[in-house]
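# The following block contains a protein sequence and its predicted model.
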Amino acid sequence: MTSREQILTLFNKQNSGAAPLFSGLISVTVPGLESEGLQFHETHRDSTKMARAAASTYRISGFGSAVVPLDLCVEAESLGATVDFREGNEKAEFPRVEEFMYDSVEGLTTELDRRGDLNVSQWLRNSVVPKGRIPIVVEAIRLLKADVGDEIAIGAWMPGPFTLLSLLVETGALYLSLRKLPEQVHVALALLTQFLGLVGEDYHAAGADFLTIHEMGGSPGALGPRLFERIVLPHLQALVSALPRPVILSACGRTNGTMKLLAASGADALSVDQTNDLAKSREEVPDALLFGNLDPVGLISKGTPLQITEAVVGAFRSGTDAIWPGCDLYLQTSLENLSALVVASKSV
């Protein structure tokens, strides 16, 4: 089987006899970029360079997937946020939103009210989705599909609704609204959920084999289980229902004790990070597809090949269905460690 066939078999809940190595998040490293003669900052606004960068980890090491976009800010930028692409830095760094667009959740919901409920979907489809870099990501998916799509799985990812909201609204005001104006937060999240659903449709139509929702700031590990269940979960459920399948939910932070809440999202698979006890996660959701949970910095980037091998074996024995980094690969990960990761994954 090719890596792609192994992964698609996994999503069909058929036993391929292996736990494939892949990711639904950013999997680009400096050695891969150097192999393509690319600077990281130039890959975000050029579909050809984005696709080459995304495929570079596979080309140099045999990693099982290529995923775009290559930063967290794509959807926020399409909604009007200004992005700093870190062009002046010698060291490769991820882009970031320069400043919050709104100093309150009400500011964002007022934007919605101006358009009237009946026109929201049309406004998003015609005026927001085509803006910014979403069309560049769509074209990069097409290029990846044509280039390496028969060999490895092509993925696309997006922030969860709450994570996207946290990029748009000033942090203190957002958390104050969670306590004092939860109905306003729900209105804002409903808008962003509609938007992300449309984006996911376009990513899938371009050829993505799977979609990942990366709910960093809105996970139970970040907000606590009560706020997650009341505020975030209903919108994750709506987003998962709206997206083409398969859909992976990636939740940051320690989510032991709340895995059933994550499973209630309806996602086809759950990814947990290195702060989780993977064996306990498996006990909580025995029937779920569970991916994880190798530390991308402390282990994959800075560990020894022996430590990487031991961690891969440990994750497999703890019940993972796929060997996944706990988050984005660290950009400065060495080729030696990437190769050790690939070799180790083939041994389990």
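Cool, got the structure.
# Show me the strands in the stretch 201-348 of the chain, by range?
Listed in chain order, the strands of the stretch 201-348 of the chain (DSSP state E, counting those that start in this stretch) span 210-215, 247-251, 269-272, 289-294, 322-325.
# Let me know which of the ones you listed is tucked in deepest.
Ranked by mean neighbour count, the strands of the stretch 201-348 of the chain are led by strand 322-325 with a mean of 28 (mean count of other CB atoms under 10 Å). (Glycine included, C-beta is placed from N, CA and C.)
# that older thread, so which of the strands of the stretch 201-348 of the chain gets nearest Ile134?
Among the strands of the stretch 201-348 of the chain, the nearest to Ile134 by CB to CB is strand 210-215 (13.8 Å).
# From the chain's centroid, how far away is stretch 87-103?
Stretch 87-103 sits 18 Å away from the centroid of its parent chain (CA atoms, centre = their mean, to the nearest Å).
# contacts for it?
Residues from elsewhere that reach stretch 87-103, judged by CB atoms under 8 Å, 6 or more residues apart in numbering: 26, 30, 33, 39-41, 44, 71-73, 76-77, 79-86, 107-108, 167-171, 173, 328, 331-332.
# any idea which element Met158 lies in?
strand 153-159 (DSSP states H and E).
# Show me what that strand is packed up against.
helix 3-11, strand 65-68, helix 74-78, helix 134-148, helix 182-206, strand 210-215 (3 or more CB pairs under 8 Å, 6 or more residues apart in numbering; DSSP states H and E).
# Just checking: what are the partner strands of it?
strand 65-68 (parallel), strand 210-215 (parallel) (DSSP bridges).
# mind giving me TSV with the ones you listed and columns for mean pLDDT and distance to Met50?
As requested, the strands paired with strand 153-159 are exported to TSV (pLDDT from 0 to 100; distance: least, CB to CB, whole Å):
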stretch	mean pLDDT	distance to Met50
strand 65-68	98	6
strand 210-215	98	17
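# Mind giving me the ChimeraX command for buried ones among the contacts of stretch 87-103?
In ChimeraX, a selection of the buried entries from the contacts of stretch 87-103 looks like this (16 or more other CB atoms under 10 Å):
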select :26,30,33,40,41,44,71,72,73,76,77,79,81,83,85,86,107,108,167,168,169,170,173,328,331
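# Where does pLDDT dip in the stretch 101-250 of the chain?
Regions of the stretch 101-250 of the chain meeting the criterion pLDDT under 70 cover residues 112-113, 115-119.
# Let's see that with 50 instead.
Within the stretch 101-250 of the chain, the segments meeting pLDDT under 50 span 118.
# Where strands are concerned, which of the contacts of stretch 87-103 count?
Val83, Asp84 (DSSP state E).
# Give me the residues contacting stretch 41-52.
28, 33, 36, 38, 53, 66, 68-71, 85-87, 89, 92, 95, 133, 136-137, 139-141, 143-144, 147.
# Kindly report the same for stretch 287-297.
By CB under 8 Å, 6+ apart, the list of residues contacting stretch 287-297 reads 10-11, 13, 24, 248, 259, 263, 268-274, 276, 278, 281-282, 300, 303, 308, 311-312, 315, 319-330, 333, 341.
# what sits against Gly298?
Gln274.
# any idea how far it lies from Pro325?
11 Å (CB to CB, to the nearest Å).
# swap in Gly197?
26 Å.
# pLDDT score assigned to Ala92?
Per-residue pLDDT puts Ala92 at 95.
# The one 5 residues further on too?
The pLDDT attached to Val97 in the predicted structure is 98.
# Now do it: how many residues are near it, please.
A count of neighbours around Val97, defined by other CB atoms under 10 Å, yields 18.
# do Asn256 as well
With other CB under 10 Å as criterion, Asn256 counts 17.
# With the one 4 residues further on instead?
For Lys260, the number of neighbouring residues by other CB under 10 Å comes to 11.
# Burial check on the residue lying closest to it once chain neighbours are set aside, number of neighbours?
Closest residue to Lys260 apart from its sequence neighbours, by CB to CB, 6 or more residues apart in numbering: Glu284 at 6.0 Å. A count of nearby residues for Glu284, using other CB under 10 Å, gives 18.
# From Pro31, how far off is Glu284?
37 Å.
# so who does the spatially closest residue to Glu215 that is not a sequence neighbour touch?
Once flanking residues are discounted, Glu215 sits nearest to Gly160: 3.0 Å by CB to CB, 6+ apart. Contacts here follow CB under 8 Å, 6+ apart; on that basis Gly160 touches Ile213, His214, Glu215, Met216, Gly217, Gly218, Val232, Leu236, Leu239, Leu249.
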